[in-house]
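Participant: Provide a 3D model corresponding to the input given below.
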Amino acid sequence: NPDALSTANYPGSVSDLEQLLTGVYGTQHAPGLYGHNMFGKILYMWGHTADLSWQGTPTWIALAQNNSQPNDGFLNSTWQDSWKGVQRANTLLENIQTYREESAKESEKMAVDYIEGQALFLRAWFYQYLVNIWGESFIIDGQGGDTKGVPLITEVSSNLTETQIPRSTVRQVWDLIISDF
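Facilitator: Prediction:
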């Protein structure tokens, strides 16, 4: 069906790339990020300004006490949605490369570069949350970067095995973030 979207005909224009970019931006508003948990719960609770006299949600209180557990649903959805953002940015970056090689006109170069810059920035944005929340340490005065960060996935995975990679160091993750920015 020539009217159906497929990898053979999509993205076929700068407008299609912009549509994919909208999906990357939209991920910021997913429930695990600024759609609910990140902004409404995680950042607020980590400011240590919460009234702990209310004991209605154990995970909420655990966040406020820096005592989050692996079964914390708030952090679980933040993890999943952050990786969804990385995946969408990687998909867009791969499609930009294909579009440049197969379809791009010279007059579209600046628009495609602009979209690529936004995709790189957004991938770095997702990674900085991942490493700040799940990295084992911060880099302070050049120290602490050799501890475990998060896995670095910078290409679209075609199977589950390609996503099963070890954690990179905090410094390696920040190197990617700085490079993408």
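Participant: tell me the contacts of Phe138?
Facilitator: Taking C-beta atoms under 8 Å, 6 or more residues apart in numbering as the definition of contact, the neighbours of Phe138 are Asn132, Gly144, Val170. C-beta coordinates here come from the backbone N, C-alpha and C atoms, glycine included.
Participant: Put the alpha carbons of stretch 123-134 into PDB.
Facilitator: Taking C-alpha atoms only, stretch 123-134 is exported to PDB below (Å, rounded to 0.1, in the frame of the first residue of the first chain):
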ATOM      1  CA  ARG A 123      18.700  12.900  24.400                       C
ATOM      2  CA  ALA A 124      21.200  14.600  26.700                       C
ATOM      3  CA  TRP A 125      18.300  16.000  28.700                       C
ATOM      4  CA  PHE A 126      17.000  12.500  29.300                       C
ATOM      5  CA  TYR A 127      20.400  11.100  30.100                       C
ATOM      6  CA  GLN A 128      21.200  13.800  32.700                       C
ATOM      7  CA  TYR A 129      18.100  12.700  34.600                       C
ATOM      8  CA  LEU A 130      19.000   9.100  34.300                       C
ATOM      9  CA  VAL A 131      22.600   9.600  35.600                       C
ATOM     10  CA  ASN A 132      21.600  12.000  38.300                       C
ATOM     11  CA  ILE A 133      19.000   9.700  39.700                       C
ATOM     12  CA  TRP A 134      20.600   6.300  39.100                       C
END
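Participant: could we number from 197 for the rest of this?
Facilitator: Noted, 197 is the first residue going forward, which turns the last one into stretch 319-330.
Participant: out of the contacts of Phe334, which is most surrounded?
Facilitator: In terms of neighbour count, Val366 stands highest of those at 22 neighbours, by other C-beta atoms under 10 Å.
Participant: What pLDDT is listed against that one?
Facilitator: Model confidence at Val366, expressed as pLDDT, equals 95.
Participant: which element is the nearest residue to Gln265 once chain neighbours are set aside on?
Facilitator: The shortest distance from Gln265 to any non-neighbouring residue, by C-beta to C-beta, 6 or more residues apart in numbering, is to Ala258 (6.2 Å). Element membership for Ala258, per DSSP states H and E: helix 254-260.
Participant: Thanks again, I'm all set now.
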